[in-house]
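**Student:** sequence first, then the predicted structure, then my questions.
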Amino acid sequence: MRILFLSDIHSNLEALDACLAAAPAHDLVVNLGDTVGYGGNPNEVISRAQSIGSVFVRGNHDKAVCGLMNVEDFNPAAGLATLWTREQLTPINLEWLRSLPQGPIHLDELPDLQFVHGSSLDEDEYMVSVSDAIAPLITNPVPITFFGHTHLQGGFVLSGQISEAYRPGYRTVGQPESSDWPLKKDRRYLINPGSVGQPRDGDWRAAFAMFDSEAWIVTYYRVPYNLRVAQEKILAANLPHRLATRLATGR
């Protein structure tokens, strides 16, 4: 089975459409959370996400927008974007956000995989460093955990008692690109497809990943998108200027 992983779209319709246009043929779409927040097209992004997939995990921005999490837990820019998004969403879409399941999510047909937003131990945990990843890797027996939340494309691998970080290698700037990570079945992995709509690893291109469950290969992708239009929508909504400018730096 070939699985398309999307995460942290954050209401960025232009980035989502670019990822979907670039994605190879696949059998399943898994959304790892934070479909909304920050960007200018929350209703449109929800509609597009619903039309392409049925496996979803709730993210912290999804929870905050629909009232399941306190806005005061966010920084001022994120909080303002959360309140604006809540006002824009239709009642049906707000209810859909409330109904999203908490990770980890398991599928019977994919027993080696699980899907979370933060980690398998805490849905809001940030797994940024190797030290962050050790406990989830050691304590959870599922071989592969796909997660989002950090907006950092890559992952972690546990071999014996040693945990290592992995980041895909890219050579171009501003062009579509992919990078393969072959996995080994005697190890445990935490894999982040990166953020579709708000990358924070210094690369402004939209990020996603594919996983071949037979070959055990993760393929990471970065694709350019219409950055200017996405920025203009944020500014037209009178959202914080920083939310638009940081799209260009991937920070």
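**Tutor:** That came in fine, so what should we check first? Residues are numbered from 1 along each chain as shown.

**Student:** just the strands in the stretch 1-150 of the chain please.
**Tutor:** Using DSSP state E, counting those that start in this stretch, the strands assigned to the stretch 1-150 of the chain run over residues 2-6, 28-31, 55-56, 113-115, 144-146.

**Student:** mean neighbour count, mean pLDDT and distance to Thr85 for these - can I get that in CSV?
**Tutor:** For the C-beta atoms, the positions are set from N, CA and C on the backbone; glycine is no exception. Converted to CSV, those look like this (neighbours: other C-beta atoms under 10 Å; pLDDT from 0 to 100; distance: least, C-beta to C-beta, whole Å):
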stretch, mean neighbour count, mean pLDDT, distance to Thr85
strand 2-6, 24, 98, 18
strand 28-31, 22, 98, 17
strand 55-56, 20, 97, 17
strand 113-115, 23, 98, 23
strand 144-146, 24, 98, 25
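
**Student:** out of those, nearest to Thr249?
**Tutor:** Evaluated over the strands of the stretch 1-150 of the chain, closeness to Thr249 peaks at strand 2-6, with 21.8 Å, by C-beta to C-beta.

**Student:** okay, now the sheet partners of the closest one, with direction.
**Tutor:** Neighbouring strands of strand 2-6 in its sheet, by DSSP bridges, are strand 28-31 (parallel), strand 206-212 (antiparallel).

**Student:** distance from the chain centre to that strand, please.
**Tutor:** 11 Å (C-alpha atoms, centre = their mean, to the nearest Å).

**Student:** using CSV, list the CA coordinates for it.
**Tutor:** Coordinates of each C-alpha in strand 2-6 appear next as CSV, following Å, rounded to 0.1, in the frame of the first residue of the first chain:
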residue,chain,number,x,y,z
ARG,A,2,1.2,3.5,-0.9
ILE,A,3,0.2,6.1,1.8
LEU,A,4,0.3,9.8,1.3
PHE,A,5,1.0,11.7,4.5
LEU,A,6,-0.1,15.3,5.0
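
**Student:** coming back round to it: figure out which of the strands paired with strand 2-6 is closest to Asp124.
**Tutor:** Asp124 sits nearest to strand 28-31 of all these, at 17.0 Å, using C-beta to C-beta.

**Student:** pull the distance from that closest one to the chain's centre.
**Tutor:** Put simply, strand 28-31 sits 11 Å off its chain's centre (C-alpha atoms, centre = their mean).

**Student:** repeat that for stretch 35-48.
**Tutor:** 13 Å.

**Student:** quick revisit: got the strands paired with strand 2-6 as TSV, with distance to Leu83 columns?
**Tutor:** TSV is the format used below for those (distance: least, C-beta to C-beta, whole Å):
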stretch	distance to Leu83
strand 28-31	23
strand 206-212	25
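
**Student:** those strands: which one's closest to Asn12?
**Tutor:** It's strand 206-212; of those, that one is closest to Asn12 (C-beta to C-beta) at 7.6 Å.

**Student:** sheet partners, orientation included, of the helix or strand that that closest one is followed by?
**Tutor:** Note on strand 206-212: by DSSP states H and E, the next helix or strand toward the C-terminus is strand 217-223. Counting by DSSP bridges, the strands paired with strand 217-223 are strand 177-182 (antiparallel), strand 206-212 (antiparallel).

**Student:** need the ones you listed in JSON lines (columns: mean neighbour count).
**Tutor:** JSON lines is the format used below for these (neighbours: other C-beta atoms under 10 Å):
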{"stretch": "strand 177-182", "mean neighbour count": "16"}
{"stretch": "strand 206-212", "mean neighbour count": "25"}
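
**Student:** could the ones you listed go into JSON lines alongside mean pLDDT?
**Tutor:** Formatted as JSON lines, the strands paired with strand 217-223 follow (pLDDT from 0 to 100):
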{"stretch": "strand 177-182", "mean pLDDT": "96"}
{"stretch": "strand 206-212", "mean pLDDT": "98"}
